[in-house]
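Engineer: The sequence isn't on hand, but the structure is:
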């Protein structure tokens, strides 16, 4: 049993790791200057919600065995400075995960997009096939009560993020897992506040592959040209297996896989999601599950939270929300929905929310990404710009960047809701509404909006 203190305990993954270690019997304490739900409620129910928000260096004593430092904490954090003075071991969360999982068979899912979906699919298959495993995933997954699980299981499935591990350890999180099996699914420039050029961003994945031990298994997406280039350049010392889109067809918006054991109807759709499915099946096959059993197990997988998650469906309206924010993922999601619902009026609402998407120099990357819908709406909040310290944007910049003349740009959530409701009510065809953001559209309750429409 150890006393572990979390600096920035309110983070989505940080608090889940804290809860997982608490369940193992460790003493857990923590601090943060802002804790919101679901972290606040989860920590309160577990009895480890800090009594006050803020940083309290007096909490940091020699009784603490380890510090887990969140990315939210800055270099001048008073608790961090005190821990450094006392010589207490300091870990980022991926470093600490590795410390407690050294003896497990580690599987890491890496790439610019698809990580959460693939990790969730692997978890779903392993659970249905009664495999004992631990996991770390960046979203709520149906059938699982938490996002981090640590136990005596021999395997751990890890969603591998390329974002820096902490203010002390600025290398990507994926560098610290040292997996025996890895997936590299897709490369598309992101996080420009950390990786200022495309070449710099790609180099993180090149270094990641170079760090893997010779002979380790790498599963990679053969349909992504940049992935193939990086694998050929930096993965020659690895055992490599490629994957791609499986044979499939659509029937009434439902994807049907053509497998060796016959047709299998699946609950997901879109070529990018089916590529993710093949990655997950390949991982599970490498872990000893028969391929056909994997296909049958994945049939009822409905997706991780906010990954083409269906909000509702009636005779005249189907609504989805998706985490898409990078240009390539945005386009892939829209193309997938267009292909699955060819006879619907496709209305797409996209929120510019990440640092990259709100940056004037990055906006040009979105050219052509919203061509598939019948109606394309882009929303951004001036409040989000101010929080990120970015200059204001104007509609003309966004029109030019997306290169779509009939694009509608909105900055007030009430107008976005009103226009969306109007487009739905006046459509002469059934409507497919797609809501895409890594944020919340400034707090819009879309379930309430769509439940009152059409």
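Structural biologist: Here it is on my side, so go on. All of these numbers come straight from a predicted model, not from anything done at the bench.

Engineer: host element of residue 319?
Structural biologist: Taking DSSP states H and E as the definition, one finds residue 319 inside strand 317-322.

Engineer: quick one: strands adjacent to that strand?
Structural biologist: Note on strand 317-322: by DSSP bridges, its sheet partners are strand 309-313 (antiparallel), strand 431-436 (parallel).

Engineer: Residue 98: which of these is closest?
Structural biologist: strand 309-313 (31.0 Å; Cβ to Cβ). No exception for glycine: its C-beta is placed from N, CA and C like everyone else's.

Engineer: Quick check: buried residues in that closest one?
Structural biologist: 309, 311 (16 or more other Cβ atoms under 10 Å).

Engineer: try stretch 170-189
Structural biologist: Using 16+ other Cβ under 10 Å as the test for burial, stretch 170-189 gives 171-189.

Engineer: what about the helices in the stretch 351-454 of the chain?
Structural biologist: According to DSSP state H, counting those that start in this stretch, the stretch 351-454 of the chain carries its helices in the segments 360-363, 382-387, 395-402, 413-426, 446-451.

Engineer: export those helices to a markdown table and tack on distance to residue 59, mean neighbour count and mean pLDDT?
Structural biologist: Below are the helices of the stretch 351-454 of the chain laid out as a markdown table (distance: least, Cβ to Cβ, whole Å; neighbours: other Cβ atoms under 10 Å; pLDDT from 0 to 100):
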| stretch | distance to residue 59 | mean neighbour count | mean pLDDT |
| --- | --- | --- | --- |
| helix 360-363 | 39 | 16 | 79 |
| helix 382-387 | 27 | 13 | 76 |
| helix 395-402 | 45 | 16 | 85 |
| helix 413-426 | 39 | 16 | 93 |
| helix 446-451 | 40 | 16 | 84 |
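
Engineer: now those in TSV, with distance to residue 143?
Structural biologist: Formatted as TSV, the helices of the stretch 351-454 of the chain follow (distance: least, Cβ to Cβ, whole Å):
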stretch	distance to residue 143
helix 360-363	36
helix 382-387	33
helix 395-402	37
helix 413-426	32
helix 446-451	21
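
Engineer: Out of those helices, flag the one nearest residue 128.
Structural biologist: Evaluated over the helices of the stretch 351-454 of the chain, closeness to residue 128 peaks at helix 446-451, with 28.3 Å, by Cβ to Cβ.

Engineer: rewinding a little: nearest to residue 86, out of the helices of the stretch 351-454 of the chain?
Structural biologist: Distance to residue 86, taken as Cβ to Cβ, is lowest for helix 382-387 among the helices of the stretch 351-454 of the chain, at 33.3 Å.

Engineer: For the closest one, give me every contacting residue.
Structural biologist: 352-353, 358, 391-393, 411, 439, 442 (Cβ atoms under 8 Å, 6 or more residues apart in numbering).

Engineer: Likewise for stretch 122-137?
Structural biologist: Here stretch 122-137 makes contact (Cβ under 8 Å, 6+ apart) with 13, 16-17, 97, 101, 104, 107, 109, 116, 119-120, 141-144, 147-151, 153-159, 280-281, 283-284, 287, 289, 293-294, 297-298, 301, 304.

Engineer: Residue 319: which of the helices of the stretch 351-454 of the chain is closest?
Structural biologist: Proximity to residue 319 (Cβ to Cβ) singles out helix 446-451 among the helices of the stretch 351-454 of the chain, at 4.4 Å.

Engineer: buried stuff in stretch 34-42?
Structural biologist: For stretch 34-42, using 16+ other Cβ under 10 Å, the buried residues are 35, 39-40, 42.

Engineer: Brilliant, that's me finished.
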